[in-house]
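In: Following is a predicted model, sequence given first.
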Amino acid sequence: MDTSLKKDALKEEARQLQKELTEHSHRYHVLDDPIISDGEYDRMMARLLEIETQNPKFCAADSPTKRVGAPPLDAFESAAHSIPMLSLDNAFKDDDVLSFHTRNIKNLEFEKIFYTVEPKLDGLAVELTYENGILVRATTRGDGINGEVITENVRTIKSIPLRLNKTQDVLPALLEVRGEVIIMHEDFERLNQTRLAKGEAPFANPRNAAAGSLRQLDSRVTATRPLTIFVYGVGKVTGMEFETQARMLSTLKAFGFPVNQHIQTHITIQEALTFYNRLAQIRADLEYEIDGMVIKVDRLDMQQALGEKIKSPRWSIAYKFPAMQETTTILDIIVQVGRTGTLTPVALLEPTNVGGVVVARATLHNADEIKRKDIRIGDKVLIMRAGDVIPKVVKVIESARKGDELPFEMPDTCPVCNSPVRRLEDEAAIKCINLTCRAQLTERIKHFVSKKGFDMDGLGKKIVDQLVNEGLISSFADLFTLDQERLSALDRQAKKSVSNMLKAIEGSKQISLPRFLFALGIDHTGENAARLLARQFETLETLMAADKESLENIHGMGEKTAASVMLFFANPKNRRILQQILDAGVTIQNDLFANLTPADHPLSGKTLVLTGTLTTLKRAEAKGQLESLGAKVTSSVSARTDFLVAGRDAGSKLEKAQALGVTVLDEAELVRMIHG
Ligand code: IVH
């Protein structure tokens, strides 16, 4: 072929790959609905990189290859915001919000004011500038007037579009989008675990981690951090107009930006107050940190009429939640042994109410952390609770020291089995390496039966302790051999719940592959890795037969995980236990609905609505199968709805169902009902 023709063909191939990869990345990171395998994605990306490396001119500003980071900067440039990025006035009680509303009525001389309310995300505000649909610059909020230019770092955030979706009729010539960069709790914990294992200081909270990651001079470092974003507003816009905050958000969503789903639009101030209480209730279950609810006048012409003060707008207010930090005293420090043998120091605290929950213990991570923070028994400390996460000690209040506080040393023997402990080279963790240590077995069983694993509801922590201590179980498989007779060894209290226990064990025997893999507690294999493995291999048998290379090739999976998965399945003892679990009647569902017939099924003739993110089944899959059982799946909740199935982060449909008294099922309950 003629070289220029060849170049044209390559250019076209690069353009096509850029387009397709952008779509797939959006499906994966924003819509949570990928349609190609990770392997396929990686192959396409590798091909694009190859073309672009040989022909740098083909590497467009919005090419997905730009997401890997660029060479480090010497310093950040500063840039003025075209419109200042203001902060918000705070409200702490309903009255503050009502005064805000009264003030708005007075200023606008208009009674009927509607609001849009959004979670107040606890991250870092950024501004993203799009010129003719392409991301050209990103800045931090800075002091509100000037921010730092962090374009390369922001390009590495996969949920941020590098190019606006063209589904909109018009592409604005200029669009400045504002949003909050955050880190999800699960990702934050994983990030800190990795840092702790490397002997690095963990981040105090997800917000600090997000801030630290965004302000990296080397964007290749940022690319390794699990940052994501929710957008909530705009700065300067030319070539497009919005009438309301609600319309603006739906347009941003259509452009491809993640917009939070716990948003209520066009509501009265009373409804806003009701929603605040709901949000406060679900706060601990959210996957990310929020510290309040932002109330915004919905109509943008009204926003403009109300105007701004120097630091904050008059048309918006932040209704804060109670603080998640409190001070208390460390009464003692104990050492717990986890399921991999790691010794973790835990502070026993003077019980204190932190944001509505009484906290009596906090993790101290490891010996290095105790030394770094100079934590002593008797110290007054600042503690913090974040979402579901275990409370932690932020810092010592040194000014409160009296001099009689006791320094703490980690023991050199395991507090459970007394065998000597070891600190592995390059690792901060001190471990009990006695594989038969009871603590490890107990913790492994607790993990196995936990909600995200086999979800054996009747088997609380105390019961597991007893089962192990009494020698009733010595492996996962033994759980399935428990019966009335064997359980008679339990104490009186536990005996009462025997039938619940047996029911829970029986009910857990149908399990999806990701949950099954999670339950096994393989090192470095949390929910995310379990899901990736299940998606890639589909059955336990295929996974068990996988070689190292195919494990390492999974997009998003670390080397450490691949290695420990290999090690786990190579161990004949583990294979034997797996076989025993299957022999006990556990079935791993690939298609959760296989082998079911509609006849006489309890769901036949029922009307269901599915909402929120389903984790074990895909929405479309669930719908198809429910229909094949004779059930009807509709999209809106009404009094005629029999069941609402609420997945993760279920929003307004759940509220409506609750208001109408419709029975709400979670995903596990749905699966159980389907199985009759
Ligand atoms: S609106 C002028 N909406 O809160 C309007 N801000 O205290 C100000 N924030 O700097 C921004 N979630 O970092 C808005 N849904 C939300 C928000 C939000 C979090 C942060 C943002 C801002 C700060 C203001």
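Out: Structure's in. What do you need?
In: Burial check on whichever residue of the chain sits closest to the ligand, number of neighbours?
Out: Nearest to the ligand, among the residues of the chain, is residue 125, at 3.2 Å (C-beta to the nearest ligand atom). (C-beta placed from N, C-alpha, C; glycine too.) Neighbourhood size, residue 125 [other C-beta atoms under 10 Å]: 19.
In: quick one, what contacts it?
Out: 85, 140, 141, 178, 179, 180, 181 (C-beta atoms under 8 Å, 6 or more residues apart in numbering).
In: nearest to residue 443, of those residues?
Out: Closest approach to residue 443 among the contacts of residue 125 (C-beta to C-beta): residue 181, at 34.4 Å.
In: Pretty sure that closest one sits in a strand.
Out: Yes: under DSSP: H, G, I helix; E, B strand; the rest coil, residue 181 falls within a strand.
In: Just the buried positions in the helix or strand that contains residue 139, please.
Out: For residue 139, the host element (DSSP states H and E) is strand 134-140. Going by neighbour count (16 or more other C-beta atoms under 10 Å), the buried part of strand 134-140 is 135, 137, 138, 139, 140.
In: Next one: the last one relative to residue 179, how far apart?
Out: Look at residue 140 and residue 179: by C-beta to C-beta, to the nearest Å, they are 12 Å apart.
In: got a list of contacts for the helix or strand following the strand holding residue 139?
Out: Using DSSP H and E, the helix or strand that follows strand 134-140 towards the C-terminus is strand 146-148. With C-beta under 8 Å, 6+ apart as the test, strand 146-148 has contacts from 76-81, 85, 127, 139-142, 215.
In: Determine which two of those residues are furthest apart.
Out: Farthest apart among the contacts of strand 146-148 by C-beta to C-beta are 80 and 215. That separation is 18.5 Å.
In: ok, the two, which is more surrounded?
Out: Each of residue 80 and residue 215 has its neighbours counted (other C-beta under 10 Å); residue 215 has more, 14 against 11.
In: Would you confirm that the more buried one contacts residue 140?
Out: Yes: in this structure, residue 215 is within contact of residue 140 by C-beta atoms under 8 Å, at 7.3 Å.
In: shared neighbours, those two?
Out: 148, 150.
In: Which elements pack onto the helix or strand hosting residue 370?
Out: If you go by DSSP H and E, residue 370 is part of helix 367-373. Applying 3 or more C-beta pairs under 8 Å, 6 or more residues apart in numbering; DSSP states H and E, we find helix 367-373 packed against strand 389-396.
In: Walk me through which strands the next helix or strand after the strand it packs on pairs with, and which way each runs.
Out: Reading on from strand 389-396 to the C-terminus, the next helix or strand found by DSSP H and E is strand 421-423. Applying DSSP bridges to the sheet, strand 421-423 is found paired with strand 430-432 (antiparallel).
In: State the number of residues packed around residue 60.
Out: Using other C-beta under 10 Å, residue 60 has 16 other residues around it.
In: Same check on the one 4 residues further on?
Out: A count of nearby residues for residue 64, using other C-beta under 10 Å, gives 25.
In: Tell me who's in contact with it.
Out: When contacts are counted by C-beta under 8 Å, 6+ apart, residue 64 touches 18, 21, 22, 25, 45, 48, 162.
In: Need the overlap of contacts for residue 140 and residue 179.
Out: In terms of C-beta under 8 Å, 6+ apart, residue 140 and residue 179 are both contacted by the residues 125, 126.
In: can I assume the residue of the chain closest to the ligand sits in a strand?
Out: Yes: using three-state DSSP, the secondary structure at residue 125 is a strand.
In: Please name the bridge partners of it.
Out: Here residue 125, judged by DSSP bridges, has bridge partners residue 180.
In: show me the contacts for the closest residue in space to residue 338 that isn't next to it in sequence.
Out: Once flanking residues are discounted, residue 338 sits nearest to residue 443: 5.4 Å by C-beta to C-beta, 6 or more residues apart in numbering. Counting by C-beta under 8 Å, 6+ apart, residue 443 makes contact with 337, 338, 339.
In: Buried only: go through the contacts of residue 125 for me.
Out: Burial by neighbour count, judged by 16+ other C-beta under 10 Å, picks out 85, 140, 141, 178, 179, 180, 181 from those.
In: My read is that the fourth one contacts residue 236, right?
Out: So the one you mean is residue 178. No: using C-beta under 8 Å, residue 178 makes no contact with residue 236, being 10.6 Å away.
In: quick one: low-confidence ranges for the stretch 351-500 of the chain?
Out: 386-389 (pLDDT under 70).
In: Give the other helices and strands that the lengthiest helix in the chain contacts.
Out: In the chain, taking DSSP state H as the definition, the longest helix is helix 3-26. Packed against helix 3-26 by the contact rule (3+ C-beta pairs under 8 Å, 6+ apart) you find helix 38-54.
In: Can you name the next helix or strand after the helix it packs on?
Out: Next element after helix 38-54 (DSSP H and E): strand 78-80.
In: residues from the stretch 101-250 of the chain in reach of the ligand?
Out: 118, 120, 121, 125, 141, 180, 232, 233 (C-beta under 6 Å from any ligand atom).
In: can you list those residues in a markdown table and add pLDDT?
Out: Output for those, formatted as a markdown table (pLDDT from 0 to 100):
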| residue | pLDDT |
| --- | --- |
| 118 | 97 |
| 120 | 97 |
| 121 | 97 |
| 125 | 97 |
| 141 | 95 |
| 180 | 98 |
| 232 | 98 |
| 233 | 98 |
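In: Tell me which two of the residues you listed sit farthest apart.
Out: Once C-beta to C-beta is applied, these give 118 and 141 as the farthest pair, at 16.9 Å.
In: Show me what the worst-scoring helix or strand of the chain on mean pLDDT packs onto, helices and strands only.
Out: None of the helices or strands of the chain scores lower by mean pLDDT, DSSP states H and E than helix 619-628, at a mean of 75. Applying 3+ C-beta pairs under 8 Å, 6+ apart, we find helix 619-628 packed against strand 607-611, strand 632-634, helix 667-674.
In: could those go into CSV alongside distance to residue 538, mean pLDDT and mean neighbour count?
Out: Converted to CSV, those look like this (distance: least, C-beta to C-beta, whole Å; pLDDT from 0 to 100; neighbours: other C-beta atoms under 10 Å):
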stretch, distance to residue 538, mean pLDDT, mean neighbour count
strand 607-611, 23, 90, 22
strand 632-634, 25, 84, 15
helix 667-674, 18, 84, 19
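In: Could you work out which of these reaches nearest to residue 366?
Out: Closest approach to residue 366 among these is made by helix 667-674 (34.5 Å; C-beta to C-beta).
In: Could you check how far that closest one is from the centre of its chain?
Out: Centre-to-centre, helix 667-674 and its host chain are 23 Å apart (C-alpha atoms, centre = their mean, to the nearest Å).
In: which helices and strands does that helix pack with?
Out: The contact analysis (3+ C-beta pairs under 8 Å, 6+ apart) places helix 667-674 against helix 619-628, strand 643-646.
In: again, 10 Å this time
Out: Using 3 or more C-beta pairs under 10 Å, 6 or more residues apart in numbering; DSSP states H and E, the elements in contact with helix 667-674 are helix 498-507, strand 510-512, strand 607-611, helix 619-628, strand 643-646, strand 663-665.
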